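[1] coordinates for the following, if possible.
(chains A, B, C and D)
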2 protein chains.
Amino acid sequence: MPTEQHCYQYPHPAVTTDVVIFTIRDDRLQLLLIRRGGEPFKGMWALPGGFLDIDEDLDQCAARELEEETGLTDVYLEQLYTFGRPQRDPRERVISIAYYALIPSQKMRLQAASDAAEAAWFPVSDLPPLAFDHQEIIRTAHHRLVAKLDYSTIAFQFLSESFTLGELQGIYETLADSELDKRNFRKWALALEQIEETGELRRQGNHRPARLYRLKDPTTVSYLK
Amino acid sequence: MPTEQHCYQYPHPAVTTDVVIFTIRDDRLQLLLIRRGGEPFKGMWALPGGFLDIDEDLDQCAARELEEETGLTDVYLEQLYTFGRPQRDPRERVISIAYYALIPSQKMRLQAASDAAEAAWFPVSDLPPLAFDHQEIIRTAHHRLVAKLDYSTIAFQFLSESFTLGELQGIYETLADSELDKRNFRKWALALEQIEETGELRRQGNHRPARLYRLKDPTTVSYLK
DNA sequence: TCAAAAGTGTTTGCTATACACCCATGA
DNA sequence: TCATGGGTGTATAGCAAACACTTTTGA
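    A predicted model of the protein is given here:
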């Protein structure tokens, strides 16, 4: 069997997608990395990703990588940027179309669906050395995420099905790395008209139970004036 | 000489860049299209673009296309989005990394540097039928441009070296398709501290001459709070 | 003298911020 | 009863929007 059976008149680069999978855990923004089992960069940590199937849409490819590592399918996934520096992969020319995903911390245990490769969560502020140009990809994704906080409700995508206003505030405080005034935050969050009370309470800890809320439209990110 | 000499173990897509080149002319946002000389979509209008050289950076490829069509090198050029629907090109799988560029209307005549292919400016609001998925690319670029008006000084990239406040206001009015209050606009524009008077006046028409301004840093787009 | 665009401040309304105390619960 | 996070309103400041007349020029 020939090892090189797909031929073209002009040289073609390989195309991959890589996915920055963010979650919030332990009040820190974290992301999922895979330890590489083969060369190049063997043993180093890298973003989940892989080659584009020749008949596969770009979004599908990224969603497939995401599902392989987390088992999740219906989470926020957005194309980020395309990285294609000629020497970014020592083997051959590789163009990487980077995506980023936001997943609620609750769903994280589904990650057991991962294949044999070692996978782990790392705080964005404390990453190990990374393969390829993945540090640059992560920096770009982090910037995009923080920028979108100001003009969209993207952070709501970190919420599970029901949540308290305290949890929502915690997400914003973690992402912006700042403390927010409780009354002002609640006024703002409710004025968006994106969330509604479920009528349930969450009893947790030695204190007054918190009202639970849900997103009126869980899959929609809205943009602020 | 063999016609298919570049072979790979797995199929590889072709990779192109396409560039949406915007300018403002006759108080309308316009963009540059090329009439296709060959199949597919022969005779239809399309964005300037072409295949990525195997050792060429993505930005270089887009800049090269831009220069080939306009002769311009130092203009605003930003990666937009990557389009890769499997059947978007009937010949083979093609991934297009789309860019957009903004050029001052004054410099437009340099477009004579174009090759033999027919090129023309079209108002965004009145486009001909387009090849491939170029209509979608243009829609995406237009949305990005309009969105950036609200939180950056990207529109200043349409300005020539010296300009009047009236011209700047005209650019904003054209892009946002709305009329703006002259006093409020001037207050806002000057408060940005991105422009300064040249000391010159422009005499033009039967009316009071206008003060000329320049960008303090012509190549920098700044982001608003 | 007329037409046309340049140039110039103040008032008003709204949004964002600052700020402190009581409530309900489990230990 | 104590510790813990949940829940609530008002006053102030800063920014954005509305608004009209005088200036300078060329025809």
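[2] just the buried residues of stretch A:32-51, please?
    A:32, A:33, A:34, A:35, A:36, A:41, A:44, A:45, A:46, A:47, A:48, A:49 (16 or more other CB atoms under 10 Å in any protein chain shown). C-beta here means a position set from N, CA and C on the backbone, and glycine is covered the same way.
[3] just list whatever residues bridge to the nearest residue to the second one once chain neighbours are set aside.
    This means residue A:33. Spatial nearest neighbour of residue A:33, excluding adjacent residues (CB to CB, 6 or more residues apart in numbering or on different chains): residue A:45 at 4.1 Å. With DSSP bridges as the criterion, residue A:45 is bridged to residue A:35, residue A:130.
[4] one more: residue A:51?
    Going by DSSP bridges, residue A:51 forms beta bridges with residue A:16.
[5] quick check: the farthest pair among the buried residues of stretch A:32-51?
    A:32 and A:41 (16.9 Å; CB to CB).
[6] related to what we said a few turns ago, distance of the residue nearest to residue A:33 relative to residue A:76?
    23 Å (CB to CB, to the nearest Å).
[7] residue A:170 now?
    For residue A:170, the distance to residue A:76 - CB to CB - is 18 Å.
[8] before we move on, what about residue A:188?
    Taking CB to CB, one finds residue A:188 at 21 Å from residue A:76.
[9] what do you get for residue A:222?
    13 Å.
[10] and the two? which has more neighbours close in?
    Between residue A:222 and residue A:76, counting by other CB atoms under 10 Å in any protein chain shown, residue A:76 is the more crowded of the two (17 against 14).
[11] quick check: beta-bridge partners of the more buried one?
    In beta-bridge terms (that is, DSSP bridges), residue A:76 pairs with residue A:102.
[12] residues contacting it?
    Residue A:76 sits next to A:101, A:102, A:103, A:154, A:157, A:221 when contact means CB atoms under 8 Å, 6 or more residues apart in numbering or on different chains.
[13] next, count neighbours for the third one.
    What it means is residue A:103. 23.
[14] I figured it was touching residue A:21, is that so?
    Yes - if you go by CB atoms under 8 Å, residue A:103 and residue A:21 touch, sitting 6.4 Å apart.
[15] buried subset of the contacts of residue A:76?
    A:101, A:102, A:103, A:154, A:157, A:221.
[16] mutual contacts of residue A:103 and residue A:21, please.
    Taking CB under 8 Å, 6+ apart as the contact criterion, the residues that touch both residue A:103 and residue A:21 are residue A:70.
[17] could you report the pLDDT at residue A:114?
    Note on residue A:114: pLDDT of 53.
[18] walk me through the domains of chain A.
    A:14-148, A:154-220 (automatic domain parsing).
[19] if you average pLDDT over each of the ones you listed, which comes out lowest?
    Across those, domain A:14-148 gives the lowest mean pLDDT, at a mean of 93.
[20] now residue A:55: how far from residue A:7?
    Separation of residue A:55 from residue A:7 (CB to CB): 18 Å.
[21] between the two, which one's more packed in?
    residue A:7 (15 against 10).
[22] hey, which helix is longest across chain A?
    As assigned by DSSP state H, the longest helix anywhere in chain A is helix A:134-149.
[23] how about the residues of chain A near DNA strand D?
    A:164-166, A:182-184, A:186-187, A:201, A:205-211 (CB under 7 Å from any atom of the strand).
[24] buried ones only from the residues you listed, please, as a ChimeraX command.
    Per 16+ other CB under 10 Å, the buried members of the residues of chain A next to DNA strand D correspond to this ChimeraX selection:
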select /A:164,165,210
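[25] quick one: residue A:4 from residue A:51, how far?
    From residue A:4 over to residue A:51 (counting by CB to CB), the distance is 15 Å.
[26] looking at this, residue A:188 is in a helix?
    Yes - membership of residue A:188 in a helix is supported by DSSP: H, G, I helix; E, B strand; the rest coil.
[27] what about it, neighbour count?
    14.
[28] and it, what does it touch?
    Residue A:188 touches nothing, counting by CB under 8 Å, 6+ apart.
[29] and for the one 5 residues further on?
    Remark: with contacts taken as CB under 8 Å, 6+ apart, residue A:193 is in contact with residue A:216.
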